[in-house]
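*Asks:* My questions concern the predicted model and sequence given below.
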Amino acid sequence: MTTGREPLRPVLYDDAADRVRLLDQRRLPDEERWLALETVDEVVDAIKTLAVRGAPAIGVAAGYALACAARRGAGPRELAAAAERLTGARPTAVNLAWAVRRMSARFADEPAALLREAHAIRDEDEAACRRIGALGAELLPREAQILTHCNAGALATAGYGTALGVVRSAFEQGKGRMVFADETRPFLQGARLTAWELHRDGIPVTVLTDGMAGWLMQRGEIGCVVVGADRIAATGDVANKIGTYALAVLAAHHRIPFYVAAPWSTVDLATATGGDIPIEERASDEVVMLAGQRIAPAGVKARYPAFDVTPAALVTAIVTERGVVRAPHAEGLRALARL
Ligand code: MRU
């Protein structure tokens, strides 16, 4: 089902110019515009403004930002301060803090070692996504009609994707029939990013607004749900894009399997339960404005928790590159941690 195009990799490093290159996700699908960033603060801003987004992808971008700073002369103290600013850019996705921690262990080394570490973070994430894809596809039925939420694709990772890695692998095996993509806010990631990257690969995709899933489930048009994750607590509770919890409740009601696909770097055994996961609150304007236009009356404010938590009890299986975890999730995660 693939078109044979170059695999999509949204975060790169320009070795010759020492710059972090990001495919600007705010411009897709209209324009494939690459940013070339030279400072940590430019990368922090790109993460905050969603030029790069998706838990693993922002971790990869942070790794390259720190390598870039080191190669441009920053010493351990400056790198430590930069690490803090990067970690604070988005609090829910643990991959960001994880990648920064991994880089921090190299701050005293020569700059080349930091770049090697950042490349390793990227390469390992893409390899993890491919393994997750293969393991997840085994769980799906033939002729799968798959619902996904937001974008947990190549664009949200180093490449290939987590939830969309499962989708890609299923379609490569001739197992898939249709992918339904929930649009999500603040800039309609599902409609713009998931639809763009699947369409680019020749995978059939239908866009849904966020409230449609229940109706389609009731009509038997959705066979399973596959989503990504921003953080998985020790209990197996899963933080992901706001709206994911509602889908999990709907899936349970309709007895549809609900799968979470994420690399091991998303599993945070130091966070005991879903209730301990910090949830990013974004600006009201990202809801009351759409594409630069105000859509709610002036003076009206919105809430915007960017993520929610799905209790482990609603998760049929968590698919990581280390293996697949089912209930009791906490026990399964502990077993994979020992590998
Ligand atoms: O706010 P976003 O667009 O960064 O939210 C993205 C998600 O919630 C993804 O599902 C998650 O980061 C996993 S990406 C593989």
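*Replies:* Sure thing, it's come through.
*Asks:* And the longest helix along the chain, what's buried?
*Replies:* In the chain, taking DSSP state H as the definition, the longest helix is helix 111-139. Neighbour counts using 16 or more other CB atoms under 10 Å place 111, 114-115, 117-119, 121-122, 124-126, 128-137, 139 of helix 111-139 among the buried residues. Where you see a C-beta, it was placed from the backbone N, CA and C, and this is true even at glycine.
*Asks:* now swap in stretch 216-224 and tell me
*Replies:* 216-217, 222-224.
*Asks:* taking the residues you listed one by one, which sit in helices?
*Replies:* Residues of the buried residues of stretch 216-224 located in helices (DSSP H): 216-217.
*Asks:* Which of the buried residues of stretch 216-224 sits closest to residue 295?
*Replies:* Nearest to residue 295, judged by CB to CB, of the buried residues of stretch 216-224 is residue 216 at 24.9 Å.
*Asks:* residues in contact with residue 124?
*Replies:* Counting by CB atoms under 8 Å, 6 or more residues apart in numbering, residue 124 makes contact with nothing.
*Asks:* try 10 Å
*Replies:* Contacts of residue 124 were listed using CB atoms under 10 Å, 6 or more residues apart in numbering, and they are 56, 60, 102, 158, 263-265, 321.
*Asks:* Serialize those to TSV and add fields for secondary structure and distance to the ligand.
*Replies:* Shown next, in TSV, are those (DSSP: H, G, I helix; E, B strand; the rest coil; distance: CB to the nearest ligand atom, whole Å):
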residue	secondary structure	distance to the ligand
56	helix	5
60	helix	11
102	helix	18
158	coil	10
263	coil	8
264	helix	13
265	helix	10
321	coil	13
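*Asks:* Nearest to residue 26 among the residues you listed?
*Replies:* residue 60 (17.9 Å).
*Asks:* does that closest one really touch residue 128, like I thought?
*Replies:* No. At 11.7 Å, residue 60 does not count as touching residue 128 under the criterion of CB atoms under 10 Å.
*Asks:* Mutual contacts of those two, please.
*Replies:* Common contacts of residue 60 and residue 128 (CB under 10 Å, 6+ apart): 157-158.
*Asks:* Would you mark the buried spots in stretch 298-307?
*Replies:* Per 16+ other CB under 10 Å, stretch 298-307 contains these buried residues: 304, 306-307.
*Asks:* before we move on, the earlier item: output the contacts of residue 124 in TSV; the columns should cover pLDDT and neighbour count.
*Replies:* Shown next, in TSV, are those (pLDDT from 0 to 100; neighbours: other CB atoms under 10 Å):
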residue	pLDDT	neighbour count
56	98	33
60	98	32
102	98	19
158	98	28
263	98	29
264	98	18
265	98	23
321	98	23
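*Asks:* Distance check, residue 139 against the ligand.
*Replies:* Distance of residue 139 to the ligand, given as CB to the nearest ligand atom, to the nearest Å: 17 Å.
*Asks:* got it, and residue 226?
*Replies:* Residue 226 sits 10 Å away from the ligand, going by CB to the nearest ligand atom.
*Asks:* circling back: tell me the one among the buried residues of stretch 298-307 nearest to the ligand.
*Replies:* residue 306 (5.3 Å; CB to the nearest ligand atom).
*Asks:* Next one, pLDDT for the closest one please.
*Replies:* The per-residue pLDDT reported for residue 306 equals 97.
*Asks:* Now the phi/psi pair for it, please.
*Replies:* Main-chain dihedrals, residue 306, degrees, to the nearest 10: phi -80, psi -20.
*Asks:* Just the pLDDT at the residue nearest to it when sequence neighbours are not counted, thanks.
*Replies:* In this structure, residue 306 finds its nearest non-sequential neighbour in residue 280, 4.5 Å apart by CB to CB, 6 or more residues apart in numbering. We have a pLDDT of 97 for residue 280.
*Asks:* From residue 182, how far out is residue 280?
*Replies:* Separation of residue 280 from residue 182 (CB to CB, to the nearest Å) stands at 19 Å.
*Asks:* if we can go back for a sec, so the residue nearest to residue 306 versus the ligand, what's the distance?
*Replies:* 8 Å.
*Asks:* again, but for residue 317
*Replies:* Distance from residue 317 to the ligand, counting by CB to the nearest ligand atom: 16 Å.
*Asks:* Does that residue touch residue 139 like I think?
*Replies:* Yes. The criterion here is CB under 10 Å, and residue 317 meets it with residue 139 at 6.4 Å.
*Asks:* ok, back up a step: with respect to the ligand, which of the buried residues of stretch 216-224 is nearest?
*Replies:* For these, the nearest to the ligand is residue 224 (16.1 Å; CB to the nearest ligand atom).
*Asks:* you'd agree that closest one is up against residue 251?
*Replies:* Yes. Taking CB under 10 Å as the definition, residue 224 is a contact partner of residue 251 at 8.0 Å.
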